[in-house]
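K.L.:
Need coordinates for the following:
(chains A and B)
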Amino acid sequence: MILLKDLTKIFGSFLAVDHLSFEVPAGEIFGFIGPNGAGKTTTIKMLATLLQPDSGVARIDGHCVYTDPEKVRQVMGYMPDYFGTYDNVTIHEFLDFFARAYRIPAKTRQSTIDGCMELTDLKKLQTKLVSSLSKGMKQRLCLAKTLLHNPKVLILDEPAAGLDPRARIEFRSLLKELRNMKKTVFISSHILTELSDIVDSVAIVEKGRLVVSGDLQTISRLSSTQNHIDLRIRIHDKEQIESALGIVQQTENVVNARVENDSILMEYNEEIDKMYLVLKQLVNADIPVTEVTSSQSNLEDIFMRVTQGEVS
Amino acid sequence: MEFFDRYINPIHLLGLRSYLRTKRFLYTFNISVLLMVSAMLLGFFFMSIERMPTAQIGKNLFMIFSIMQYVIIGLVFPAFSCTAIISEKEGKTYDLLVTANLSSGDIVWGKFLSAYTHSAMFLISSLPIVMMAFLFGGITPALIMITYAILFAYAALIVMLCLSISSVYKTITRAIIASYIVVIIINSFISPMLFFLLYDYLHDSELARFFIAIGGYGSLNVFLTVYIVPVFVFLSLIFAPYLVAKNSLRTYANNRSTSLKVYFTCVGSGILAIFLTYYINSIYMFIGIQQLDYEMIMMVGGFCLAIAGIFGLIGSLGFAGENPVPERFVMKRLSEHLKAGRIRRVFASKFFLGLLGPGSYRGARFVTLMCFGWTAIYLLATWLLIEKFGVNNTVFWRNYEASGYMEYPIISAFVVVSFVYFFSMLASFLSFRIRQIGFRRAVLFCMLLFLTILLPLYSLFSMEVYGGFHASILNFQYLSPSMCFFWSFIPISQFGGSKFSCLIDGVPIHYIGIGVYFSLGFLLDLLNYRRSRKMWNELEKEEKEILESMDKK
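P.N.:
A predicted model of the protein is given here:
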């Protein structure tokens, strides 16, 4: 749905985006992450047809952002990181303005506006002035505006920035709803814990260059210097927990094994498929194992591992 | 209702909704009305003390009203538009407008309509006030209508100028300062001029009678000079800031030139049309239908051609970055429309207009072709008049015979075509190098080249052959070679023989001119062709590589 090939942007002598290439499949929520100054907003602005690329190709739904910006805007909804609103107009008038701008026919305009207001829970507030809305409500309003022309692709630049925890949770559920509506969502955010729950795949950029892209599991595997999983083994009989710890510690590739309540926690420097070797040792020693859980690296871990905290 | 709904500009609607609700509008509106009424009442009070005749009071009150209107236009109206676009950028709403698929034209037009509606409300609200003057007599409804027409036109100019300033400047403060400086400068020229015209009219002076008389029995050319040319210049002036604003809002620099090219084409065509009308009138003269004021025609025609030359030159120069991209996409887009049977889209397409407009190599070829076409039509008309309709007892015929060169009209025509060919190719040649030398420098260079090398060179030739100051002065016609046609209509006797003789006797020197212009033009044409092919090939190669790598992926 979104394709970037060698996308480059230079401001004077400053290389903001350096031959960026990746692909976003249709219907996915795609996280676009990187430290400050990594070139995220520049890339997003090029995708949103607001900035002219210096070289390379960017396509949305098959349309080139450079040669066919009008067609791209028809299939794309863009929500910037910072945006303003018009004072002295109500929520309904604000949405009506954008519906007219998107050239939604008069016959269907009202129903479209109503639908978007319901989705973003703004229906009750439609007669309120935009200037009186809170930050979270304004975010919702901007999202409603972005959805008016039923775009296939949504490009959201830091949509959760500045929101309180409740508003963030609500916004996340809205994104999930958008995924259910088969929209492709391209989202950039600094709040990685928020993203890790909802994104299908990510691209991590640093100093304008792509560091890694793909689904979370693949990235985790690619980004690890060694195979690594955290294991938690729950033992039914507490009296046997010490002997179990001894067995585990003697097992190959297990490090930092320790007891926590009724479980043994350990780091296992092997692939997840080899986990049975640890269990086999315990079962052979008649240790009553009741539960085994493994956790691979989360988005934050991956991010910290692959980036060096540098800005271009 | 749905039909009209489609044509409502959303920005216009939003502007009305948001601004009319503000207290600022309410205060400004009422204070301006109050000021105007106060000035009128104060004027009436003093005039009553002096026991003036009622008709005179009416005229004076009308003068006070007009002055107040110009003050309000200068002070209040810029405020409606001088921050219109920059406030969108500073308020972080501009990106939302662009991604909502509103074109730069939609944005500028919507902002203009919005500001102009506010201005119109101020002007219309003053109508009951002017009726105070109407009560005393001395003024006519026609005068009020004309005054309002001028006020509305002037307001449109001010609003559009300030709007273009707001699109160019980076901060609100700078835009406001620049707008008011421009408005003060314009007001200091236009307001006194309009004031004195009005004063003249109201006090029955010679000037007023002249203007009134023109409408009744003036010749076509005088009518053109007094009515059509000012309206044309006004529209051109109002359209130029519109396009400046529109272009400065375009996201991609490569697309920025199209509308300016269209503008220069329109202005160029307009000047051509006006000029042709003068020609037609001259032909009317030629067959003895109407009298013609030669001096007026010469003056206005020369002025028009000088402007046409400058516009044509700038238009043919092209703009930074436009050369490498458009042609390929133009053809692609046009073929898409044609295949889909969208014929109307083809003609409405900006790409199509871009294809026609001057600018770059393609434009230079088009300009030459157009000039050649017009000249051919002119020659054919002349031939038909002389040979087929037997019109041979006129000024033209006498010149034609007196010259001793039967090919004289053809030579004149070739001078025009060769000159345009050379100059448009030169402009195109510079436009290919515009990235290196910059647009302003290219214009300057082109003009300097013309004034410092070509013209004196040609004049030197003339002086060498014929001697004297007149010879070199007369060759200034080559700033706008179509003047040759005019010269050909004027009887030798009007210039006392010697002054004009260099043109009539100097036919051989025109052969040299034609030869030089065509040779240089052709040389530049070859260089331009080479350059454009090279650029084209590079682009094709680049795109092919990208597509191949995408296919592999």
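K.L.:
Who are the contact partners of residue B:125?
P.N.:
Counting by Cβ atoms under 8 Å, 6 or more residues apart in numbering or on different chains, residue B:125 touches B:29, B:33. All C-beta atoms are positioned from the backbone trio N, CA, C, and that covers glycine.
K.L.:
Just read off the phi/psi values of it.
P.N.:
Per-residue torsions, residue B:125: phi -60, psi -20 (degrees, to the nearest 10).
K.L.:
Can you check what pLDDT the model gives it?
P.N.:
At residue B:125, the model reports a pLDDT of 87.
K.L.:
any idea which helix or strand comes after the longest helix along chain A?
P.N.:
If you go by DSSP state H, chain A has its longest helix at helix A:165-180. Downstream of helix A:165-180, the next assigned helix or strand under DSSP states H and E is strand A:184-188.
K.L.:
measure residue B:524 to residue B:414 for me?
P.N.:
From residue B:524 across to residue B:414, the span is 18 Å (Cβ to Cβ, to the nearest Å).
K.L.:
Nearest residue to the residue of the stretch 151-300 of chain B found nearest chain A in space, please, no chain neighbours.
P.N.:
Relative to chain A, the nearest point of the stretch 151-300 of chain B is residue B:252 (4.7 Å; Cβ to the nearest Cβ). Residue nearest to residue B:252 in three dimensions, not counting chain neighbours: residue A:52, with 4.7 Å by Cβ to Cβ, 6 or more residues apart in numbering or on different chains.
K.L.:
Same check on residue A:248?
P.N.:
residue A:257 (4.8 Å).
K.L.:
do the same with residue A:33
P.N.:
Here the nearest residue to residue A:33 in space, its sequence neighbours aside, is residue A:204; by Cβ to Cβ, 6+ apart that works out to 5.4 Å.
K.L.:
before we move on, what SS does the one you found have?
P.N.:
strand (DSSP: H, G, I helix; E, B strand; the rest coil).
K.L.:
Beta-bridge partners for it, please?
P.N.:
When assigned by DSSP bridges, residue A:204 has beta-bridge partners residue A:33, residue A:212.
K.L.:
Neighbours of it, how many?
P.N.:
Each residue near residue A:204 was counted by other Cβ atoms under 10 Å in any protein chain shown, and the total is 23.
K.L.:
Might you report the residue contacts of residue A:73?
P.N.:
A:49, B:99, B:100, B:101.
K.L.:
Residue A:190 versus the closest residue to the last one other than its chain neighbours, what's the distance?
P.N.:
The shortest distance from residue B:101 to any non-neighbouring residue, by Cβ to Cβ, 6+ apart, is to residue A:73 (4.3 Å). According to Cβ to Cβ, residue A:73 stands 27 Å off from residue A:190.
K.L.:
cool, and residue B:414?
P.N.:
Using Cβ to Cβ, residue B:414 is found at 71 Å from residue A:190.
K.L.:
So which of the two has more stuff around it?
P.N.:
With other Cβ under 10 Å as the criterion, residue B:414 and residue A:190 differ in neighbour count, and residue B:414 comes out ahead with 23 against 15.
K.L.:
which non-adjacent residue is nearest the more buried one?
P.N.:
Spatial nearest neighbour of residue B:414, excluding adjacent residues (Cβ to Cβ, 6+ apart): residue B:514 at 5.0 Å.
K.L.:
For the one you found, grab the count of nearby residues.
P.N.:
19.
K.L.:
Surely residue A:240 is in a helix?
P.N.:
Yes. According to three-state DSSP, residue A:240 belongs to a helix.
K.L.:
I'd say it and residue A:288 touch.
P.N.:
Yes. Contact criterion Cβ atoms under 8 Å: residue A:240 and residue A:288 qualify, at 7.0 Å.
K.L.:
what about the two, which has more around it?
P.N.:
Each of residue A:240 and residue A:288 has its neighbours counted (other Cβ under 10 Å); residue A:240 has more, 16 against 12.
K.L.:
Could you tell me which residues of the stretch 101-250 of chain B lie near chain A?
P.N.:
Residues of the stretch 101-250 of chain B lying close to chain A by Cβ under 8 Å from any Cβ of the partner chain are B:101, B:102, B:106.
K.L.:
where does residue 294 land on pLDDT?
P.N.:
As the question left the chain open, I've gone with chain A. pLDDT, residue A:294: 67.
K.L.:
was after chain B, sorry
P.N.:
Per-residue pLDDT puts residue B:294 at 41.
K.L.:
same check, this time on the one 3 residues further on
P.N.:
Looking at residue B:297, its pLDDT reads 42.
K.L.:
sorry, back to before: you'd agree the residue nearest to residue B:252 is in a strand?
P.N.:
No. Using three-state DSSP, the assignment for residue A:52 is coil, not a strand.
K.L.:
Kindly tell me how buried it is, as a neighbour count.
P.N.:
By other Cβ under 10 Å, 18 other residues sit near residue A:52.
K.L.:
same thing with residue A:43?
P.N.:
Using other Cβ under 10 Å, the number of residues around residue A:43 comes to 29.
K.L.:
For the residue nearest to residue A:86 when sequence neighbours are not counted, which residues are in contact?
P.N.:
Nearest non-adjacent residue to residue A:86, counting by Cβ to Cβ, 6+ apart: residue B:18, 5.5 Å away. Counting by Cβ under 8 Å, 6+ apart, residue B:18 touches A:86, A:87, A:88, A:89.
K.L.:
Surely residue A:25 touches residue A:1?
P.N.:
Yes. Between residue A:25 and residue A:1 there is a contact under Cβ under 8 Å: 6.4 Å.
K.L.:
thinking again about what came up before, around the residue of the stretch 151-300 of chain B closest to chain A, count how many other residues there are.
P.N.:
With other Cβ under 10 Å as criterion, residue B:252 counts 16.
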